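Participant: below is the sequence, then the predicted model.
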Amino acid sequence: MSNPTTGAVSMDFNALFDENGKVSMERVEAFLNKATQIASEQAKVYPNHLVKVVHGGKVTWMTQKQASEFLESSQTPELQRDVQRALKGELKIIRQELEILLAIANYTLQQFKQKELIAKNEIERLEPSLIRRQKEINEGLAQSTECEAIMTEKRRKSPLLDQYELTMGEFMNARENGNSIRASELAKFLASNKKQYLRIARAIEPDVQTIYYHRLNLQKTKKRIISSQNDLCSTRKDALQFELEQLRDNIHSVRQSMESAEEEGLDAAAVQIDKLRLYDVDKAEEEILEKSGELDALAKETSILDRQEKEVDVVIQHISENILKAPEIKVNLEEMQNVPRKPGVKMQQSHQPDAVKKRGSGMHFKR
């Protein structure tokens, strides 16, 4: 569970799913509580001073310093990689990420609700949106699964599709590695089968576009879940700021009364000292420190969530504007042979799922 590279505590997505591949709130709650306790003890900070981040297929608990380093580190989004993962990544991985993000958002909401950390009207505002997200996930996955099963069957009946695309990948690698003889042999196969490949590819293009449409909707759902988590954190931040103002005002008022009493005389001072004993200033100051730390952690978390939301939005815009509205697939072998390539760059197979590492969100806990 410990991350030896950063010193943070991480939990792989797979740990939150049972043997049937299902995720339940009971399992999520048990694992998150345990991991939060371990991370808190390891970092020697309050649990609600930790920053939780969903990233790279893991849920990671970070200290505020680690969260700052995470934000400052080179995290330049790789648009093409992220688009490939969204459109062609394994559907199981996409499902896992969405369900974990939603489970954490639900867990956060329940923690805030049970401990009355945010107002009741805010709970009533946020709860229905998470219910809608669950419905969107279920519908989106069902539609994607059905469309992709149809596509798999069509590709099975047209083996040239896989053969041609695999040969294209081998051709690109041979050319980039300087193996001109092998590249020439493969180019002949590609040239002789080009027309037939394009005919089949054009026939299934509507199915490809339909799959991309449903995959796009899953990305939109991901953005909405991250936004809901961000909304939860921001709502708690607002409540914390109000609580801190009240605590500071109370301490200021008590101390001001003490000073006034001392000026008026010993009798008045004795009365105010009794009042001071009833209001534990030291305890209030400790509470201020704890709440201030939680507020700082929430500020880091919302910054991370803001960035993750923007990254997903860029993917959504690219798919909407450049993929779903793109012209039909075109293959020009002569042009491909004449365009220089950088050494070591290998062609991605268009029908093969990429290994997926995902980003997500985080939350906090009241001690």
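Facilitator: Thanks, I have the structure now.
Participant: quick one, what contacts residue 213?
Facilitator: By C-beta atoms under 8 Å, 6 or more residues apart in numbering, the contact list for residue 213 reads residue 324. Just so you know, the C-beta spots here come from the backbone N, C-alpha and C atoms, and that holds for glycine as well.
Participant: could you look up the SS state of it?
Facilitator: Using DSSP: H, G, I helix; E, B strand; the rest coil, the structure places residue 213 in helix.
Participant: please shift the residue numbers so they start at 38 in all later answers.
Facilitator: Happy to do that; since the first residue is 38 now, the last one works out to residue 250.
Participant: quick one: it from residue 83, how far?
Facilitator: 45 Å (C-beta to C-beta, to the nearest Å).
Participant: and what of residue 337?
Facilitator: Counting by C-beta to C-beta - residue 337 and residue 83 are separated by 14 Å.
Participant: who's more crowded, those two?
Facilitator: More crowded of residue 337 and residue 83, by other C-beta atoms under 10 Å: residue 337, with 23 against 18.
Participant: what helix or strand is that one located in?
Facilitator: For residue 337, the element it lies in under DSSP states H and E is helix 318-355.
Participant: could I get the full set of helices for the stretch 238-387 of the chain?
Facilitator: Under the criterion DSSP state H, counting those that start in this stretch, the stretch 238-387 of the chain contains helices at 303-315, 318-355, 370-375.
Participant: okay, residue 307: pLDDT?
Facilitator: pLDDT, residue 307: 57.
Participant: check residue 95 too.
Facilitator: Looking at residue 95, its pLDDT stands at 89.
Participant: find the nearest non-adjacent residue to it, please.
Facilitator: Leaving out its chain neighbours, the residue that sits closest to residue 95 by C-beta to C-beta, 6 or more residues apart in numbering is residue 47, at 4.5 Å.
Participant: could you export the helix or strand encompassing the one you found as CSV, CA atoms only?
Facilitator: Assigned by DSSP H and E, residue 47 falls within strand 46-49. Output of strand 46-49 as CSV, limited to C-alpha atoms (Å, rounded to 0.1, in the frame of the first residue of the first chain):
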residue,chain,number,x,y,z
VAL,A,46,0.2,5.8,0.6
SER,A,47,-1.5,4.4,-2.5
MET,A,48,-4.2,1.8,-3.2
ASP,A,49,-4.7,0.2,-6.6
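Participant: buried set for it?
Facilitator: Judged by neighbour count using 16 or more other C-beta atoms under 10 Å, the buried positions of strand 46-49 are 46, 47, 48.
Participant: quick one: average confidence on that strand?
Facilitator: Rounded mean pLDDT across strand 46-49 is 87.
Participant: what is it packed up against?
Facilitator: For strand 46-49, the packing partners by 3 or more C-beta pairs under 8 Å, 6 or more residues apart in numbering; DSSP states H and E come out as helix 62-80, strand 95-99.
Participant: neighbouring contacts of the first one?
Facilitator: Helix 62-80 has contacts (C-beta under 8 Å, 6+ apart) with 38-39, 44-46, 48, 52-55, 83-84, 87, 96, 98, 100, 137, 140-141, 143-144, 147, 402.
Participant: what residues of that helix count as buried?
Facilitator: The neighbour-count check on helix 62-80 (16+ other C-beta under 10 Å) flags 65, 68, 69, 72, 73, 76, 77, 79, 80 as buried.
Participant: with pLDDT added, can I get those residues in a markdown table?
Facilitator: As requested, these are exported to a markdown table (pLDDT from 0 to 100):
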| residue | pLDDT |
| --- | --- |
| 65 | 86 |
| 68 | 87 |
| 69 | 88 |
| 72 | 88 |
| 73 | 90 |
| 76 | 91 |
| 77 | 92 |
| 79 | 91 |
| 80 | 91 |
